[in-house]
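*Asks:* Predicted model, plus sequence, below.
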Amino acid sequence: MTRRSGDGGADFVGRLDLGSGLAGTSLVVLGQAKCVKPDSLVSAEQIARVVARLRRGWIGVYVTTGAYSVPAQTEMVEDQYPIVLINGLELVHQIRSMARDDHGGDLEACIEHILSGRETAITNRRPEEILLE
């Protein structure tokens, strides 16, 4: 996760390693997360802002507790944006799955575990620095 200011608009940055050795590569994953009302819709412009921050070889992830407007989804597909969209329903499914698989079905314990690592994960590093790890 990144700090609130000076993060270039990213809420989290990660690295995705594909393959290994000479047949491997690493990609920066630049993420945006928005906590909104479940019936709120993310617009195409909001997604495009994240895509505009991506550099060659990076991918984006946009997570919202709401949903994506039809025009936003259409633009993402038509323009072949390198971005993964995760809506509130999918987020709930993933957290429930994590609770079932890693915490014996205890949703509260799962959420506490996620939140307990939050503060130690905040960094001031630039996204491209994650490739050097």
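*Replies:* Here it is on my side, so go on.

*Asks:* May I see the buried residues of the strand ranked longest in the chain?
*Replies:* Of all segments of type strand in the chain, defined using DSSP state E, the longest is strand 25-34. Neighbour counts over strand 25-34 (16 or more other Cβ atoms under 10 Å) mark Leu27, Val28, Val29, Leu30, Gly31, Gln32 as buried. For every residue, glycine as well, the C-beta is placed using N, CA and C.

*Asks:* what does stretch 97-111 give?
*Replies:* Ala99, Cys110.

*Asks:* any idea how far it is from the chain center?
*Replies:* For stretch 97-111, the distance between its averaged C-alpha position and the chain's averaged C-alpha position is 20 Å (Cα atoms, centre = their mean, to the nearest Å).

*Asks:* what sits up against that stretch?
*Replies:* Applying Cβ atoms under 8 Å, 6 or more residues apart in numbering, the external contacts of stretch 97-111 come out as Ile95, Arg96, His113, Ile114.

*Asks:* Next, format those residues as a markdown table and append neighbour count, distance to Gly105 and secondary structure.
*Replies:* Compiled in a markdown table, the contacts of stretch 97-111 are given as follows (neighbours: other Cβ atoms under 10 Å; distance: Cβ to Cβ, whole Å; DSSP: H, G, I helix; E, B strand; the rest coil):
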| residue | neighbour count | distance to Gly105 | secondary structure |
| --- | --- | --- | --- |
| Ile95 | 14 | 12 | helix |
| Arg96 | 13 | 9 | helix |
| His113 | 14 | 13 | helix |
| Ile114 | 12 | 15 | helix |
